[in-house]
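Undergrad: fold the following for me, if possible:
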Amino acid sequence: MQLNQYITKFKQHPTPFYFYDLDLMRRTFDAAAQAIVQIPSGHIHYALKANDHPAILQEVRRRGFGIDAVSGGEVQLAIQTGIPGNKILFAGVGKTDKEIETALEADILCFNAESVPEIEVINDIAARMGKTARIALRINPNIDAHTHKNITTGLDENKFGISLEDMLPTIHLVNHLPHVVYQGLHFHIGSQLLDFMPFKELSLKINEIQQALESENIQTPSIDVGGGLGVDYADPLHNEIPDFAGYIKIFKDNLQLRPQQSFHCELGRSLSAQYAAVISRVVFIKHGAHKQFAILDAGFTDLIRPALYQASHKIVNLTSQMPEERYDIVGPICESTDVFAQDYPLPKSSRGDLVALLSAGAYGHVMASTYNARPLIPQITSDEI
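TA: Residues are numbered from 1 along each chain as shown. Just a heads-up that it's a prediction; the model follows:
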């Protein structure tokens, strides 16, 4: 991500704000588009919850990618952006009646259903609306993704999905209800995976599942492996673009797709994280008894990942060339958890220095809040600055 060329312009803007490098965004989408062709029946669906910036959604539409939505609002936003309903998947454990109606009106590609009660409600609402809903079952494969406990989703203890034991009777239920049709199987084992072995394990598990279903004369039109591809938060300046090719190749080499069976993946973080940064200013340098604090004007209201997930973001001082010192880098929020990093090396910093928190494009602005009556910070692109 190229920031140095913008420093003069950054100085002219009130901080904090989100900055998007649209050149890097386009190169990221290029890499994903080139990777998916390894699987001729492959389709990418952008996980809209990661970032709903209009520039990203327009790029999704331009590339012909689909959308992975987790709310009725996201379904509506995708439609408003010009993404057709037949490219939209709708997941989530608690879809309301109104959200189901919205998705049926949009004639979405598929509901990724997570329970029998949900399937029965979708069938009833579809019957009332005179429609038929396509259903993929989100199956919980009980695979440990070895990621942070707050972003794992594929274990039996998680709230997501239908257990393997309940899969077959649930498919039979779908096939007996008049206003839903069995479309396929959906999986998602967790997020921020840099080790590809869990994806191989998932592929082998899906192979076993397919064989078991075919022994019951059940054919599965589509396989959706979810998302989870991680990014390099530690060194984003040298690893700007995730390994999309390696991610897709794992499935190409290990997942036994059937003829005419479509393949779907749901990439969010990997398509949005690395080309955005929070640009902030140092408000004060505070010298404590045992440490010193760099207090920024950005806080966890603007980027909550460090407080919520104990996540690490690379932080750079854009304007100081001094030797490094160590700081606790914190925000102004009236909470002890408003900490971006502890004992972190930065060039000797002073009041007014510009600081960038990198890799902020995924689960950043979309999770922002107005706590402490702080306004949501603006989002500025490289085309606008």
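Undergrad: can you point out the helix or strand that includes Lys95?
TA: Using DSSP states H and E, Lys95 falls within no helix or strand.
Undergrad: how many other residues sit next to it?
TA: 24 (other C-beta atoms under 10 Å). Where C-beta positions appear, they are placed from N, C-alpha and C, glycine not excepted.
Undergrad: now it. Nearest residue, chain neighbours left out?
TA: Glu118 (6.3 Å; C-beta to C-beta, 6 or more residues apart in numbering).
Undergrad: can you pull the buried residues of stretch 88-97?
TA: Buried residues in stretch 88-97, counted by 16 or more other C-beta atoms under 10 Å: 88-92, 95.
Undergrad: please apply the same query to stretch 330-337.
TA: Those would be 330-333, for stretch 330-337 by 16+ other C-beta under 10 Å.
Undergrad: cool, stretch 217-225 as well?
TA: 220-225.
Undergrad: what mean pLDDT does it have?
TA: For stretch 217-225, mean pLDDT rounds to 98.
Undergrad: distance from it to the middle of the chain?
TA: Centroid separation for stretch 217-225 versus its chain: 24 Å, with C-alpha atoms, centre = their mean, to the nearest Å.
Undergrad: export that stretch as PDB, just CAs?
TA: Taking C-alpha atoms only, stretch 217-225 is exported to PDB below (Å, rounded to 0.1, in the frame of the first residue of the first chain):
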ATOM      1  CA  ASN A 217     -29.400 -41.300  -4.500                       C
ATOM      2  CA  ILE A 218     -29.100 -37.600  -3.500                       C
ATOM      3  CA  GLN A 219     -27.400 -35.400  -6.100                       C
ATOM      4  CA  THR A 220     -26.000 -32.000  -5.000                       C
ATOM      5  CA  PRO A 221     -26.000 -29.200  -7.600                       C
ATOM      6  CA  SER A 222     -23.500 -26.900  -5.800                       C
ATOM      7  CA  ILE A 223     -20.800 -26.900  -3.300                       C
ATOM      8  CA  ASP A 224     -20.000 -23.700  -1.300                       C
ATOM      9  CA  VAL A 225     -16.800 -23.900   0.800                       C
END
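Undergrad: quick one: contacts of it?
TA: Here stretch 217-225 makes contact (C-beta atoms under 8 Å, 6 or more residues apart in numbering) with 89, 110, 112, 136, 168, 171, 182-188, 199, 202-203, 206, 210, 213, 251, 255, 257-258, 260-266.
Undergrad: give me the mean pLDDT for the strand or helix carrying Arg138.
TA: Using DSSP H and E, Arg138 sits within strand 133-140. Average pLDDT, strand 133-140: 97.
Undergrad: got it, and stretch 300-313?
TA: So the average pLDDT for stretch 300-313 ends up being 96.
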